[in-house]
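Engineer: Could you work out the structure for the sequence below:
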Amino acid sequence: MRQLNNKYLLLAFVLLTTIYSNAQSIKAAAEQQRQQEQYERNMRESELKQASRIQKAQLNLNNLLQLLQSKDLDYVDRFLSEKGWKLYSTNVKETNDNDEEVSTNYKKVTWVFDKNEYENLAKGWFYFYLYPTYDNAISYVIADEIQLEKLKSELINNGYKKIQATDAVARGLESVYRNNLYEVNFKKQLKESSEEGADIHYSFFIYNYKQVEERRAEAERLKREAEEKEEKYQNAVQRAESAYYQKQYIIAKQAYNEAIILKPENEDLLSDKIATIDINIFCQNADNFFKTKQYQKAKDEYGKALLIKQDSKTVEIKAKIKEIDAFILFLKERNYKVYNYQEIEESNYTIQNKKIEDELKNILLNELTIPKSDVSIICKIDTFGVTTSRFTTSTQDEILIKKFDELSKSIKLNPVFLNGYSANAKVEFRFAIEANHATIVAKRRAETITSKNKDFNLYSQNINSELNAAPFGNYTFNMNKAVINNQEYNNNKLVKIIGKGGPSNAILSVLIPGLGVSNVTGGAKSGFSRTLTVYGFIGAGIGCKLWSDSEYQAYHSATTQTEMDKHFELANGLNQAFYLGVGAGAIVWLYDIIWVASKGVENKKAQKAWNQNHLGVYYQPEINTTGLTYTIKF
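Structural biologist: Numbering: from 1, shown residues only. Now for the predicted structure:
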């Protein structure tokens, strides 16, 4: 019974446990259903809110035009913010293909709607372009095709017309609509392979095309005007430059002024050129005044040129003014100042100096002996071209003084002109002079040329050189040497020749053998050996004769035949030796006579030939006589 009770208790416990477990399951299922219903309600509410938010964020045509026409960025920002858009970025510069920032002529402000926090994705992009000289432009980018169609309908309903057929562009299609003011550019574009988000997105770009066209037309008009103005400007500048290079400065200045009117922004540059022209005009005026001898006016014009500006001609202008000052001073001084003739007339000074030197040479080489002296000839020429001269000298020779006076009076200087005006000038010709004259008798012998004249050493070099190849004889020279300013001149004459060593010297050899040899050889040979030879042979022969006579007497006195034969043979041999000795002596003597005569003939021929090469005619006006002279060159 008790066991039965326990079973009922256990069964009741299990039943109760089961009922409790089922009740909990039912409760949990009911709670889960409630939560699911709540979640679905929340999702529906969220979708409704999201749809409402998206609906609110959508921009219709009026919204876009309202924003486009706004000049206040603060208003645009508030308007978009109220619709759920957020400010995303502002750009004052763009980037080029190399990701380098470049300046643009507009500013761009960007707003986004529902942008992913981690990716560059959003449900909408709004771009506001601010131009400094144009109306603003906007760009609206979405991925909702339904909204696209709404916007197109609004465009058509508001009078916008499609102005060209839809065209294919990069990664999409493009349509363009216009009314009388705005242009709307629609683009349907595929995303790039590297992009994320919707496969297709739609962009709307709206701007005031009328203004752009008007501005473009205005710009083209301004461009044409600018080009025409530039052409006129360039023509004016070219005319100015051409006239400037042709030194037509007035025309050049007028052309530059025209160019300034056309392009005032270049006034500084062109004004500088005009200043240069003004300088040239003043300089041109000054040059003309200078040519007409209006020197003060020329100086004033140059001074005006200096006041304009400092340029490359400044140094030249200052030099011109200095030149004019010097010229004005010259005009004052020329009435009393005496200028250096040598500096002004250097060429004529050289000619006159050479002429005077030649005249002095002719005077001094005319058989004069003058110790070292000075002569100075001072010449003056006045503005009328009249030359006056005087001289000073340290010599006391009256004849020489007279010739110096004649020489000084013969000098005529060229008129002196400075800057086109005649001027007084003075010049001094200074000469240090010296002269020597000597008559020298020189003896030409085989090995030497000698003279007893005291001046022989002064001229020995010249005489030795001249007589080095001359035949033997005595030569008389008229020697003249002049020294002018340390320059030596010579005028030497051979006036007399006495030939030596002619054939007549054979007579001397007739008298004494060998006596004529010395004369015909110029002392090179004495002939003494020949004298000894001749006299030796003859003396030996005479000795043999005397000995032969003695032996012949002994022959007659001998008593025996042997002695007689001995003395006879010896006397006969000595007698033959006598004839041989005397004959040999006579032969040598005769050879000497003939050799001396022959050598003398050779010397005579050489003298004649030499004389013919050096013989000339002279005339001496001082004594009115003519004669023969021998010319020589030293």
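
Engineer: What is the end-to-end distance of stretch 511-519?
Structural biologist: Separation of the first and last residues of stretch 511-519 by CA to CA, to the nearest Å is 14 Å.

Engineer: What mean pLDDT does that stretch get?
Structural biologist: With pLDDT averaged residue by residue, stretch 511-519 scores 78.

Engineer: Work out the gap between it and the centre of the chain.
Structural biologist: Offset of stretch 511-519 from its chain centre (CA atoms, centre = their mean, to the nearest Å): 84 Å.

Engineer: and what of stretch 407-415?
Structural biologist: Centroid separation between stretch 407-415 and its chain, computed with CA atoms, centre = their mean, is 46 Å.

Engineer: how about it: buried residues?
Structural biologist: Along stretch 407-415, these residues count as buried under the neighbour rule (16 or more other CB atoms under 10 Å): 407-408, 411, 413-414. (Glycine included, C-beta is placed from N, CA and C.)

Engineer: Closest to V109 out of these?
Structural biologist: In terms of CB to CB, no member of the buried residues of stretch 407-415 lies closer to V109 than N414, at 95.8 Å.

Engineer: Show me what the longest strand along the chain is packed against.
Structural biologist: Identified as the longest strand of the chain according to DSSP state E is strand 421-444. Other helices and strands packing on strand 421-444, by 3 or more CB pairs under 8 Å, 6 or more residues apart in numbering; DSSP states H and E, are strand 338-340, helix 341-344, helix 346-364, strand 370-381, strand 416-418, strand 449-450, helix 456-467, strand 473-484.

Engineer: which stretch of helix or strand covers W111?
Structural biologist: Element membership for W111, per DSSP states H and E: strand 101-113.

Engineer: Show me what secondary structure element comes after that strand.
Structural biologist: Immediately after strand 101-113, counting by DSSP H and E, sits strand 124-130.

Engineer: List the neighbouring strands of that next one plus their orientation.
Structural biologist: strand 101-113 (antiparallel), strand 137-142 (antiparallel) (DSSP bridges).

Engineer: could you point out the longest helix in the protein?
Structural biologist: Among the segments of the chain that qualify as a helix by DSSP state H, the longest is helix 2-57.

Engineer: Would you tell me what the next helix or strand after it is?
Structural biologist: Note on helix 2-57: by DSSP H and E, the next helix or strand toward the C-terminus is helix 61-69.

Engineer: so is Y88 in a helix, a strand, or just coil?
Structural biologist: What DSSP: H, G, I helix; E, B strand; the rest coil gives for Y88 is strand.

Engineer: Can you verify my assumption that it contacts N120?
Structural biologist: No: with contact defined as CB atoms under 8 Å, Y88 does not count as touching N120 (10.0 Å).

Engineer: More neighbours: which of the two?
Structural biologist: The residue with more neighbours, out of Y88 and N120, is Y88; 15 against 10, by other CB atoms under 10 Å.

Engineer: What separation is there between the nearest residue to G385 once chain neighbours are set aside and V338?
Structural biologist: Nearest residue to G385, sequence neighbours excluded (CB to CB, 6 or more residues apart in numbering): P415, at 3.9 Å. The gap separating P415 from V338 is 14 Å, by CB to CB, to the nearest Å.

Engineer: same question, N492
Structural biologist: 43 Å.

Engineer: So for these two, which residue has more residues nearby?
Structural biologist: Set N492 next to V338 and count neighbours by other CB under 10 Å: N492 wins out with 21 against 15.

Engineer: give me phi/psi at the more buried one?
Structural biologist: Here is the backbone geometry of N492 (degrees, to the nearest 10): phi -110, psi 140.

Engineer: okay but it is in contact with Y475, surely?
Structural biologist: No: using CB under 8 Å, N492 is not in contact with Y475; the gap is 11.4 Å.

Engineer: pLDDT averaged over stretch 25-42 - what is it?
Structural biologist: For stretch 25-42, mean pLDDT rounds to 80.

Engineer: Check stretch 495-507 too.
Structural biologist: 78.

Engineer: Same check on stretch 384-397?
Structural biologist: Rounded mean pLDDT across stretch 384-397 is 90.

Engineer: just stretch 316-333 next, same as before
Structural biologist: Stretch 316-333 shows a mean pLDDT of 86.

Engineer: How about stretch 433-449?
Structural biologist: 82.

Engineer: Just give me how far it sits from the chain centre.
Structural biologist: Averaging C-alpha positions (CA atoms, centre = their mean) puts stretch 433-449 61 Å from its chain's average.

Engineer: May I have that stretch as CSV, with CA atoms only?
Structural biologist: Taking C-alpha atoms only, stretch 433-449 is exported to CSV below (Å, rounded to 0.1, in the frame of the first residue of the first chain):
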residue,chain,number,x,y,z
ILE,A,433,126.8,118.3,-85.4
GLU,A,434,130.5,117.4,-86.1
ALA,A,435,132.6,117.2,-89.3
ASN,A,436,136.1,116.2,-90.3
HIS,A,437,138.0,116.7,-93.5
ALA,A,438,141.4,115.2,-94.3
THR,A,439,143.6,114.5,-97.4
ILE,A,440,145.3,111.2,-96.8
VAL,A,441,148.1,109.6,-98.9
ALA,A,442,148.1,105.9,-98.4
LYS,A,443,150.8,103.5,-99.6
ARG,A,444,149.6,100.2,-100.8
ARG,A,445,152.2,97.5,-100.6
ALA,A,446,152.1,93.7,-100.6
GLU,A,447,151.2,93.2,-97.0
THR,A,448,150.5,96.6,-95.6
ILE,A,449,148.6,99.9,-96.2
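
Engineer: Just the buried positions in that stretch, please.
Structural biologist: Of all the residues in stretch 433-449, those buried under the rule 16+ other CB under 10 Å are 433-438, 440, 442-445, 449.

Engineer: can you check stretch 422-435 too?
Structural biologist: Those would be 423-427, 429, 431, 433-435, for stretch 422-435 by 16+ other CB under 10 Å.

Engineer: Kindly indicate which of these lies nearest K599.
Structural biologist: Looking at these and their distance to K599, the nearest is A435, at 42.4 Å (CB to CB).

Engineer: For that closest one, give me its contacts.
Structural biologist: 364-365, 368-370, 480-483 (CB atoms under 8 Å, 6 or more residues apart in numbering).

Engineer: who wins for neighbours among the residues you listed?
Structural biologist: L364 leads the contacts of A435 on contacts (other CB under 10 Å) with 25 neighbours.

Engineer: Tabulate the buried residues of stretch 422-435 in TSV, adding columns for distance to N348.
Structural biologist: Putting the buried residues of stretch 422-435 into TSV (distance: CB to CB, whole Å) gives the following:
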residue	distance to N348
A423	14
N424	16
A425	11
K426	14
V427	9
F429	12
F431	18
I433	23
E434	28
A435	28
